[in-house]
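Visitor: Sequence below, structure please.
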Amino acid sequence: MKEDIVKELVKVNGYLIIPGFLVKNIDKLNLDIYELILLLYFINQKNNITFDVNKISLDLNIESSKVLELINSLNEKNYISIEMKKNNGVIEEYISSDLFYNKIESMLLDNSKKEKDSDIYSLFEKEFGRTLSPTEYDSINNWIENGISEELIKEALKEAILSGVHNIRYIDSILFTWTKKGYKEPNDIKRKKEEKEKVEEIYDYDWLNE
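Guide: Numbering: from 1, shown residues only. Here you go, the predicted structure:
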């Protein structure tokens, strides 16, 4: 009996799919519950929605004045945009959710970067065999913020470990020297070493006994 009621409700009102990403990041989105409902309504429509306040009001059972207020708010927050399109010679207003998708894409990339950065901290803790101190976290974070690549940081860590040193200051001095020399990637270091070896070979070559 309960299943029949649920099926009937779905049949009449349809599903409203809520992406998991929205649930996890609701605080960051700065949306109240009504704005979220309206935004979910838009993205569930998939295509651009005709700016029909009365229809949206009936679909969501929200007063027309409230719907208009919510649309204006979402527009001001750059989650949606109102666009003009010509349909059979008649100019109509449409609601586009492209700005929202762009914002979500930016947040996903930012989360991906943070996850990638966290791998660096985990790697340091693994190599050091202990939890990093707040000061050590700040040092690594400063390297990243100053544009030092993750690969170069890992190479400096590797250099320190091979030297038997488990010290952030030592790694910081390595990175300072490398960046001063213009090294940006591990390949830059490798190339300079190869050039140095070639020069040494030339000087060590016994030209007299050739």
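Visitor: Show me where the protein has its strands.
Guide: All strands of the chain, identified by DSSP state E, fall at 49-50, 81-87, 90-96.
Visitor: for the record, mean pLDDT for the first one?
Guide: Regarding strand 49-50, the rounded mean pLDDT is 78.
Visitor: and the angle for the longest helix anywhere in the chain with strand 81-87?
Guide: If you go by DSSP state H, the chain has its longest helix at helix 98-128. Helix 98-128 and strand 81-87 are oriented at 140 degrees to each other (axes from the mean of the first three to the mean of the last three C-alpha atoms, to 10 degrees).
Visitor: In helix 98-128, which residues are buried?
Guide: Neighbour counts over helix 98-128 (16 or more other C-beta atoms under 10 Å) mark 100, 104, 120, 123-124, 128 as buried. C-betas here are computed from N, CA, C, even on glycine.
Visitor: Same list (those residues) but as JSON lines, adding distance to R169 and pLDDT.
Guide: Below are these laid out as JSON lines (distance: C-beta to C-beta, whole Å; pLDDT from 0 to 100):
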{"residue": "F100", "distance to R169": "45", "pLDDT": "84"}
{"residue": "I104", "distance to R169": "40", "pLDDT": "80"}
{"residue": "I120", "distance to R169": "17", "pLDDT": "86"}
{"residue": "L123", "distance to R169": "18", "pLDDT": "89"}
{"residue": "F124", "distance to R169": "13", "pLDDT": "90"}
{"residue": "F128", "distance to R169": "13", "pLDDT": "88"}
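Visitor: Show me which pair in those residues is furthest apart.
Guide: The span of the buried residues of helix 98-128, defined through C-beta to C-beta, is set by F100 and F128 at 42.3 Å.
Visitor: Name the residues of stretch 180-187 that are buried.
Guide: Quick answer for stretch 180-187 (16+ other C-beta under 10 Å): 183, 186.
Visitor: was I right about F42 contacting I49?
Guide: Yes - the criterion here is C-beta atoms under 8 Å, and F42 meets it with I49 at 5.8 Å.
Visitor: Name the residues contacting each of these two.
Guide: I95 (C-beta atoms under 8 Å, 6 or more residues apart in numbering).
Visitor: Name the spans of this protein whose pLDDT lies under the cut-off.
Guide: The model of the chain has pLDDT under 70 over residues 1-19, 21, 23, 46-48, 110-118, 192-210.
Visitor: same thing but 50
Guide: 1-3, 5-12, 199-203, 205, 207-208 (pLDDT under 50).
Visitor: Just the helices from it, written as ranges.
Guide: Using DSSP H, helices in the chain cover 2-13, 20-24, 26-29, 33-45, 53-60, 64-76, 98-128, 134-145, 150-162, 168-180, 186-204.
Visitor: what are the C-alpha coordinates of the third one, in CSV please?
Guide: In other words, helix 26-29. This file holds the C-alpha atoms of helix 26-29, laid out as CSV (Å, rounded to 0.1, in the frame of the first residue of the first chain):
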residue,chain,number,x,y,z
ILE,A,26,26.0,23.3,0.6
ASP,A,27,27.7,25.7,3.1
LYS,A,28,30.2,26.9,0.5
LEU,A,29,27.4,27.7,-2.0
